[in-house]
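J.: Quick one, fold the following:
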Amino acid sequence: MRRSLIYLAQLAVFVAVAVWLVENPGDLRIDWLGWRLETTFALFLVVIAGALWMAAVGWRAVLATVKAPFSLLHSRSAHRREAGYRALVQGMAAVAVGDGEEAKRLAREADRLLREPGLTRLLSAQAALLSGDAAAAAKYFAALRDDKETAFIGLVGLMRLADARGDAAHVLELAEEAYTLRPESGQVATTRVYGLARAERWVEAQSALYEAVKRGQIPRPQGRHHRAALLVERARLADKLEDALGLAAKARESVADFVPAIAAEARLLAETGRKDKARRLIHDVWPSAPHPELAAILRGFFDGEAASFVLRKVQAMTERLADHPESRLAVAETALDGEFWGEARAQLAALADEDVGPRACALWARLEEEESGDVAAARRWLERAAYGPGDSAWTCDSCGAASTAWSAKCGHCGAFDTLQWARPPRVALLPPDIGHDADADGAANNGAGNNGGGGGGGGAGPVVDVTAERSRTVAPLGTASAA
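T.: Reported below is the predicted structural model:
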């Protein structure tokens, strides 16, 4: 509508001017070199306008004729560039779907058409990776690294190649260089933190972790756990006990139920003569972090004390979480050390089937052998340990390797802060026939009787009636002993 109005306005102006010229034609006379031209002014204007239009058309024709070769070359170049970009896009799509051969063909095509290596090197590198040609990929990534505009992309590619071949030192070196270019990159920042930790440069790793958490590149809960792991390792290497104790305390403050930090702080408190504080610490954290290492530390505080005294201390520690498997195993082991067979049998018998792992089986075997000398029953419990559910251990989330001792990096794959207290993966095996032989069954039947529950053993070993064996059970602190 608006364009129509503008067109009508222009037409109206043109008609008005034409009418005015017709009504006022005027006279024009030109004398030049003996020639005389007489005409109306309106006709003169029309002739001049026509001449100018013809001159413009002629000028354009001349320019088009002169530019024709250049236009042809430009059109050809534009076509090549369009085809090159199309090959580049299709090559990236081939990389995305994992078609290495097609990606390599399209990379060559894009390189031939575009003749701009900076645009095609990344595609060529990715195609080489898909084809398994790491050397060619490294060459392309190195070329990207040498170009100022693509240096970061090249460094990231070289980092991945170094990580794939297990060269942790080179990964860290490249991550440090990439971090100077783009400190805001989350991938580079986390690689740098984990690389420093893997190299056991704990102080530098903690500083890098602080920056990464501050920038939001590592979530705060995960950052606190990483910080606790780094502080525990620093505490282990500290020259002074007080410095080590301070680092361990900070680690526990970062993650309240982090067993390695609690254990480190408790040991250091004992070494500095503050065993009571260490004992209170373990008592306070046991309900949220029951762990055999803490129970072992607590028992170590009472070396040389009477067995009944040590047992009551362990019972006091576990009384707020008495039904937890770790609590029962801690009390049972302490009772066995003091030869309180009734208490040990009561705790082991209360374990659920899924909690009777190698540790519980070993305690059952020890109980059967030490209490009554029943070697056959002890052997059956040890055989069951090989086929029953596994015990919890420090298990790596990255590679699945299990360890009895915690460390900030996995001893198998070197990953940082991946050890969790959990049951490691285990392949189920068909157990052999470990049923009772006639002599063993007869001995069991002539004894205290066979309790089919067997401490969660499902009939794998004879279990004497618990009520008949409580003569040496030691009651928790504050209660009278049944002895």
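
J.: Mind jotting down where the strands sit in the stretch 1-150 of the chain?
T.: Counting by DSSP state E, counting those that start in this stretch, the stretch 1-150 of the chain has strands at residues 28-32, 35-39.

J.: Partner strands of the last one, with direction?
T.: Strands that pair with strand 35-39, judged by DSSP bridges, come out as strand 28-32 (antiparallel).

J.: any residues touching the partner strand, and which ones?
T.: 36-41, 44 (C-beta atoms under 8 Å, 6 or more residues apart in numbering). Where C-beta positions appear, they are placed from N, C-alpha and C, glycine not excepted.

J.: Does anything pack onto the helix or strand containing Ala316? Which helices or strands?
T.: Using DSSP states H and E, the element containing Ala316 is helix 307-318. Counting contacts by 3 or more C-beta pairs under 8 Å, 6 or more residues apart in numbering; DSSP states H and E, helix 307-318 is packed against helix 275-285, helix 292-300, helix 325-337.

J.: Dump the contacts of strand 28-32 to TSV, plus pLDDT and distance to Tyr179.
T.: TSV is the format used below for those (pLDDT from 0 to 100; distance: C-beta to C-beta, whole Å):
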residue	pLDDT	distance to Tyr179
Arg36	78	89
Leu37	78	84
Glu38	78	88
Thr39	80	84
Thr40	79	84
Phe41	75	80
Phe44	78	78
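
J.: OK, contacts around the nearest residue in space to Ala151 that is not next to it in sequence?
T.: Taking C-beta to C-beta, 6 or more residues apart in numbering as the measure, Ala151 lies nearest to Arg145, with 5.4 Å between them; neighbours along the chain are not counted. For Arg145, the contacting residues are 151, 154-155, 158, by C-beta under 8 Å, 6+ apart.

J.: now Leu144
T.: So Leu144 contacts 118, 121-122, 125, 150-151, 153-154, 157 (C-beta under 8 Å, 6+ apart).

J.: do the same with Tyr194
T.: 415-416.

J.: mind running it again at 7 Å?
T.: For Tyr194, the contact set (C-beta atoms under 7 Å, 6 or more residues apart in numbering) comprises Phe416.

J.: do the same with Trp202
T.: 230, 233-234.

J.: roughly how far apart are it and Tyr179?
T.: 18 Å (C-beta to C-beta, to the nearest Å).

J.: What separation do you get for Ala349 and Ala125?
T.: Applying C-beta to C-beta to Ala349 and Ala125 gives a distance of 64 Å.

J.: Give me the more crowded residue out of the two.
T.: Neighbour count, other C-beta atoms under 10 Å: between Ala349 and Ala125, Ala125 has more, with 27 against 21.

J.: close enough to count as contact, that one and Gly157?
T.: Yes: assessed by C-beta atoms under 7 Å, Ala125 is found in contact with Gly157 at 5.8 Å.

J.: Could you list the buried residues of stretch 5-22?
T.: Leu21 (16 or more other C-beta atoms under 10 Å).

J.: Kindly report the same for stretch 389-400.
T.: 389-396.

J.: gap between the two ends of that stretch?
T.: End-to-end span of stretch 389-400 (C-alpha to C-alpha, to the nearest Å): 16 Å.

J.: which residues sit against it?
T.: 354, 357-359, 402-406, 410, 412-413, 415, 418-426.

J.: what's the model's confidence in that stretch, averaged?
T.: Mean per-residue pLDDT for stretch 389-400: 91.

J.: what does stretch 173-188 give?
T.: 94.

J.: Now find how far off-centre that stretch is within its chain.
T.: 17 Å (C-alpha atoms, centre = their mean, to the nearest Å).
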